[in-house]
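**Q** build me a structure from this.
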Amino acid sequence: MKYEAAIGLEVHVQLRTASKMFTRVAAGYGAAPNTLTDPVVLALPGALPVMNKEALDKIIKAGLMLGCAIEPVCKWDRKNYFYPDSPKNYQISQYDQPICLGGTVEIELPGASRNVMGEHKKIPLTRIHLEEDVGKLNHGTGDSLVDYNRAGTPLMEIVSEPALHSADEAFAFLTSLRTTLVQGGISDCDMEKGQLRCDANISIRPVGETMLGTKVELKNLNSISFVRDGIALEIRRQSAVLEGGGFIGQETRQYDGEAGTSTAMRSKEMAHDYRYFPDPDLMPVKVDAAWQAQIRATVPELPFDRQRRFFEEYQLPYTITSVLVSDRELSDFFEETAKLSGKPQAAGNWITNDLLRELDGAKITLTDCKLRPSHLAGLLQLVEAGVISSTIAREVFAAMFLTGEAAEAIVARQDLKQSTDAGELEKWVAEAIAANPKAVAEFKAGKEQAINAVKGTVMKASKGKANPKLVDEIMRKQLGASPRPVN
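**A** Take a look at the predicted model:
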């Protein structure tokens, strides 16, 4: 029997805020253990929570970016459970009145080519709600210690419908979601720092069946690749169990990404196991139209929307747009360069190839880079005007990257302008023809590309300053050949 998977993801995202969800204590990563705490975080008697408006702004913005309905009223609930990482023995969360309902995450599946995007799908969301994070257990040899620095950090839980059907779709979902949230300034989404964590609910059913199978929750998926690999493993495991005549029990399993295995942890909890009830210390929140409008004005263009615009407005290929839109700062750099230079295709090529290579080599970000859009635009205009060759342009680019100096200034100081002096070019060409008799003979015999060896000699003699177009014309004239054919 053939089976298909139904996968729903629960994605926990730490919001990028200055302070924690219900206290003014700083939210952050990397501080000494248990230094980002106060009576509210530690749940000392008499300590009362106060809501963080910045966190509410961020979740409303996330909801608007993902097309959610922003509820006019949301409330806070206590999710009761005993575990050492939760000092209160309950978590402040939202149960039956979350702040965001519905929405979608657009994903792109594998299969893109140079000029065509891959298949796109919109994965429906159930809800997005806000809660506080818990602490972190650090297991040593013979002991377990708890660090409450993370406890109380604003945490957004994004719950998808069970509408994903493969490990690749889950991978695409998380990739798209992370890009959107980072570009929206919602979160840094660094999984190594625990800022984005994912649990997957996986079930399988016979192909053609509409009823969902028994779900298994997979935890400890601490990288997007592990999410993909863990889901693929669980689909294979469940299929083997059913094909062997067994049955799937509802449970929570832990995935070991290094070993590529999963083990049973416990039976899966149900909502009633947490004994939710309204938090008596926190009032419901009313989100009116004015508040929504204020946040909506800050919503940026979504990555896939920007990519489609780059296709249409600048006629850029997929291979360029997919790189540009993955980073909002990079795509902004491109747009400014394109507008200043009037050469969007050239700008896209230089940015995605040369600029990214130099950034990687220097181990710096675009923010710290001395080269600005005006510098690159100036370089492209010099190439377009024939002032310098494309070969020299790369030397100038490297100098601009290091110094932040304008292209025109570098070209003038280093005397890099292309030579268009006919007498000088004719001399170089004649010397190159004499130095390359074999290549000349092959060219005259019909081997068109043989002329490149002769051109190379000219460019070397001129130190790259000879105008390639004029060199070609003069060379063909001296060799008695027809002008270069036009494609």
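
**Q** can you list the low-confidence ranges for this protein?
**A** Along the chain, segments meeting pLDDT under 70 span 1, 112-115, 268-271, 419-421, 482-487.

**Q** hmm, who's touching the lengthiest helix in it?
**A** Ranked by number of residues, the top helix in the chain under DSSP state H is helix 224-243. Helix 224-243 is touched from outside by 1, 3, 5, 7, 9, 166-168, 170-171, 174-175, 178, 191, 198, 200, 202-204, 213, 216, 218, 220-221, 247-248, 253, 255, 257, 260-262, with contacts defined as Cβ atoms under 8 Å, 6 or more residues apart in numbering. For glycine as for every other residue, the C-beta is placed from the backbone atoms N, C-alpha and C.

**Q** and the residues you listed, which are buried?
**A** Neighbour-count burial (16 or more other Cβ atoms under 10 Å) is assigned, among the contacts of helix 224-243, to 3, 5, 7, 9, 166-167, 170-171, 174-175, 178, 191, 198, 200, 202-204, 213, 216, 218, 220-221, 248, 253, 255, 257, 262.

**Q** which of the residues you listed fall within strands?
**A** Taking DSSP state E as the definition of strands, the buried ones among the contacts of helix 224-243 contribute 3, 5, 7, 9, 198, 200, 202-204, 216, 218, 220-221, 253, 255, 262.

**Q** how much space between the residue nearest the centre of the chain and residue 94?
**A** Central residue of the chain (Cα atoms, centre = their mean): residue 179, 3.7 Å from the mean position. Relative to residue 94, residue 179 is positioned 25 Å away (Cβ to Cβ, to the nearest Å).

**Q** swap in residue 427?
**A** Residue 427 is 80 Å from residue 94, by Cβ to Cβ.

**Q** please apply the same query to residue 6.
**A** Distance, residue 6 to residue 94, using Cβ to Cβ: 25 Å.

**Q** more crowded one of those two?
**A** Using other Cβ atoms under 10 Å, the more surrounded residue of residue 6 and residue 94 is residue 94, with 24 against 19.

**Q** list the contacts for the more buried one?
**A** Residues in contact with residue 94 (Cβ under 8 Å, 6+ apart) are 74-77, 129-131.

**Q** now, which of those residues lie within strands?
**A** Using DSSP E, the subset of those located in strands is 74, 77, 129-131.

**Q** out of those residues, which one sits closest to residue 359?
**A** Among the ones in strands among the contacts of residue 94, residue 130 lies closest to residue 359 (Cβ to Cβ), at 35.6 Å.

**Q** what number of residues lie near the closest one?
**A** Counted with other Cβ under 10 Å, residues neighbouring residue 130 total 27.

**Q** any idea which helix or strand carries the residue nearest to it when sequence neighbours are not counted?
**A** Spatial nearest neighbour of residue 130, chain neighbours left out: residue 59 (5.0 Å); criterion: Cβ to Cβ, 6 or more residues apart in numbering. Using DSSP states H and E, residue 59 sits within helix 53-65.

**Q** what's next to the helix or strand following that helix, contact-wise?
**A** Following helix 53-65 in sequence order, the next helix or strand is strand 69-70 (DSSP H and E). Applying Cβ under 8 Å, 6+ apart, the contact partners of strand 69-70 are 60, 63-64, 99-103, 287, 292.

**Q** strand 69-70: partners in the sheet, and parallel or antiparallel?
**A** When pairs are called by DSSP bridges, strand 69-70 turns out to pair with strand 100-101 (antiparallel).

**Q** give me the contacts around the next helix-or-strand element following the strand it pairs with.
**A** Using DSSP H and E, the helix or strand that follows strand 100-101 in sequence is strand 104-108. For strand 104-108, contacts defined as Cβ under 8 Å, 6+ apart pick out 66-67, 117-125, 160, 169, 172-173, 175-177, 180, 302, 304.

**Q** strand 104-108 to helix 53-65, inter-axis angle?
**A** If you take axes from the mean of the first three to the mean of the last three Cα atoms, to 10 degrees, strand 104-108 sits at 60 degrees to helix 53-65.

**Q** distance between strand 104-108 and the chain's centre?
**A** Here the centre of strand 104-108 is set off from its chain's centre by 13 Å, with Cα atoms, centre = their mean, to the nearest Å.

**Q** likewise stretch 238-257?
**A** Centre-to-centre, stretch 238-257 and its host chain are 32 Å apart (Cα atoms, centre = their mean).

**Q** off-centre distance for stretch 294-303?
**A** Distance, stretch centre to chain centre, for stretch 294-303: 17 Å (Cα atoms, centre = their mean).

**Q** for that stretch, which positions count as buried?
**A** 295, 302-303.

**Q** those in strands, which ones?
**A** Reading strands off those, I find no matches (DSSP E).

**Q** and which of the residues you listed is nearest to residue 19?
**A** The closest of these to residue 19 turns out to be residue 295 (Cβ to Cβ; 19.0 Å).

**Q** just confirm residue 37 is within a strand.
**A** No - applying DSSP: H, G, I helix; E, B strand; the rest coil, one finds residue 37 to be coil, outside a strand.

**Q** wait, residue 41 sits on residue 26?
**A** No - the pair residue 41 / residue 26 is not scored as a contact, 10.8 Å apart, by Cβ atoms under 8 Å.

**Q** look at those two and report which has more neighbours.
**A** The neighbour comparison of residue 41 against residue 26 (other Cβ under 10 Å) goes to residue 41, with 25 against 14.

**Q** give me the number of residues near residue 405?
**A** Neighbour tally, residue 405, other Cβ under 10 Å: 16.

**Q** does it touch residue 396 like I think?
**A** No - contact criterion Cβ under 8 Å: residue 405 and residue 396 do not qualify, at 9.4 Å.

**Q** how far away from the center of its chain is the helix or strand hosting residue 440?
**A** Assessed by DSSP H and E, residue 440 sits inside helix 437-444. A distance of 51 Å separates the centroid of the chain from that of helix 437-444, by Cα atoms, centre = their mean.

**Q** just the CA coordinates for it, please, in CSV.
**A** The C-alpha coordinates for helix 437-444 follow below in CSV (Å, rounded to 0.1, in the frame of the first residue of the first chain):
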residue,chain,number,x,y,z
PRO,A,437,52.1,32.7,-36.3
LYS,A,438,50.4,29.4,-35.4
ALA,A,439,47.3,31.1,-34.1
VAL,A,440,47.2,33.4,-37.1
ALA,A,441,47.4,30.4,-39.5
GLU,A,442,44.6,28.6,-37.6
PHE,A,443,42.4,31.7,-37.8
LYS,A,444,43.0,32.1,-41.5
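
**Q** begin at 850 from here
**A** Got it, the first residue is 850 from now on, which makes the last one we talked about helix 1286-1293.

**Q** list the buried residues for that helix?
**A** Neighbour counts over helix 1286-1293 (16+ other Cβ under 10 Å) mark 1288-1289, 1291-1292 as buried.

**Q** hmm, which two among those residues are most spread apart?
**A** Greatest spatial distance among those (Cβ to Cβ): 1289 and 1291, at 7.4 Å.

**Q** what is in contact with the two at once?
**A** residue 1299.

**Q** rewinding a little: what does the helix holding residue 1289 contact?
**A** Applying Cβ under 8 Å, 6+ apart, the external contacts of helix 1286-1293 come out as 1282, 1299-1300, 1302-1303, 1328, 1330.

**Q** where do the helices sit along the stretch 1200-1336 of the chain?
**A** Using DSSP state H, counting those that start in this stretch, the helices of the stretch 1200-1336 of the chain run over residues 1205-1211, 1222-1233, 1239-1252, 1256-1263, 1271-1284, 1286-1293, 1300-1310, 1317-1327.
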